[in-house]
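Engineer: Okay, sequence plus prediction incoming.
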Amino acid sequence: MTQAKSGDTVRIHYTGTLDDGTQFDSSAGRDPLEFALGGGQVIPGFDNAVDGMAVGDSKTVTIPPEEAYGQRHEQLVQQVSRGALPEEIEPAVGMQLQSQSPEGQVMMLVVTEVEDESITVDANHPLAGQALTFDIELVEIV
């Protein structure tokens, strides 16, 4: 049987869960996820898990934070004056905002706390610091 290798375009079905069993993503009810293996389109641990699978193979893998979205960095959690926000934005916990770094890079922020004069935002990826478990089925090598 042909095994998936770096450079192949693959189609997979997957379900991703956290250590507590919470499902954070799934391809169930959708078309399979298609990506180039080894192309940097998915987290490194996911690429590694699919590498070597044959069509029809299924597996469950747990990917450590270092091979997923990295560790959380507390320096990416900051308080910002409410005056720094455009007037039309009424911040709420869980709201996503965009900001630009001094180097011009767009950053996604999540509001984690709202106070009278300031808000707290977190630029960490929501899954940073977490091990991710995936049930993976290789559907096709294109």
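Structural biologist: Structure received. Not measured: the values here are computed from a predicted model. Numbering: from 1, shown residues only.
Engineer: CA only for contacts and neighbour counts going forward, please
Structural biologist: Fine.
Engineer: Would you mind measuring from Gln71 to Pro64?
Structural biologist: From Gln71 over to Pro64 the distance is 9 Å, taken as CA to CA, to the nearest Å.
Engineer: what touches both of the two?
Structural biologist: Here Gln71 and Pro64 share the contacting residues Gln130, scored by CA atoms under 8 Å, 6 or more residues apart in numbering.
Engineer: lowest-pLDDT helix or strand in the protein?
Structural biologist: Taking mean pLDDT, DSSP states H and E as the measure, strand 96-100 is the helix or strand of the chain with the lowest mean score, a mean of 89.
Engineer: Would you mind listing the buried residues in that strand?
Structural biologist: Buried residues in strand 96-100, counted by 16 or more other CA atoms under 10 Å: Leu97.
Engineer: What distance do you get for the residue lying closest to Thr9 once chain neighbours are set aside to Ala28?
Structural biologist: Closest residue in space to Thr9, ignoring its immediate chain neighbours: Ala36 at 4.2 Å, by CA to CA, 6 or more residues apart in numbering. In this structure, Ala36 lies at 20 Å from Ala28, with CA to CA as the measure.
Engineer: Provide a list of residues in contact with Gly16.
Structural biologist: Gly16 makes contact with Gln23, Phe24, Asp25, Ser26, Leu132, Thr133, Phe134, Asp135, according to CA under 8 Å, 6+ apart.
Engineer: same thing but 6 Å
Structural biologist: Gln23, Phe24, Asp25, Thr133, Phe134 (CA atoms under 6 Å, 6 or more residues apart in numbering).
Engineer: tally of neighbours for the residue nearest to Thr9?
Structural biologist: The burial count assigned to Ala36 is 18, neighbours taken as other CA atoms under 10 Å.
Engineer: Then Asp57?
Structural biologist: Neighbours of Asp57 under the rule other CA under 10 Å: 14.
Engineer: Look up how far Leu138 lies from it.
Structural biologist: Separation of Asp57 from Leu138 (CA to CA): 6 Å.
Engineer: That concludes my questions; thank you for your assistance.
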